[in-house]
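K.L.:
When you get a sec, could you give me coordinates for this:
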Amino acid sequence: MTDISPSAEPTRAEVDSLAGATMLEFGASWCGHCQAAQATITSAMQQFPQVRHIKIEDGKGRLLGRSFQVKLWPTLIFLKNGVELKRLVRQIQTQELSDCLQAITAP
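P.N.:
Below is the predicted model of the structure:
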């Protein structure tokens, strides 16, 4: 597993090399949609403690978000061994989020 500093935005190469299940959460602290999704995300992540959750402050000129073609917030990208399997954008629903987390944790 690659160590990623919580204070620095990871590079695309670091993200691509992550082993196991990872959820990338792209957003901005001032974004109303992001704020509204936090309770749903927090609740779901408690059910999947084995999933690495990386929150990324996104915005103009932020390379990682551009490499994933993030255009709206929040965008959740679900990776298994560094490969994107699923993505949720903007309206985060509990069941869809749970389904995505199950998909990346399935053997």
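K.L.:
can you list contacts of the host helix or strand of Ala103?
P.N.:
For Ala103, the host element (DSSP states H and E) is helix 94-105. Under the contact criterion C-beta atoms under 8 Å, 6 or more residues apart in numbering, helix 94-105 has outside partners 21-23, 40-41, 43-45, 47-48, 50-51, 76, 78-80, 85-86, 88. All C-beta atoms are positioned from the backbone trio N, CA, C, and that covers glycine.
K.L.:
Now, of those residues, which are buried?
P.N.:
21-23, 40-41, 44, 48, 51, 76, 78-80, 86, 88 (16 or more other C-beta atoms under 10 Å).
K.L.:
Which two among those residues are spaced furthest apart?
P.N.:
Thr40 and Lys80 (21.4 Å; C-beta to C-beta).
K.L.:
Go ahead and confirm Met23 touches Lys80.
P.N.:
No. Using C-beta atoms under 8 Å, Met23 is not in contact with Lys80, being 10.5 Å away.
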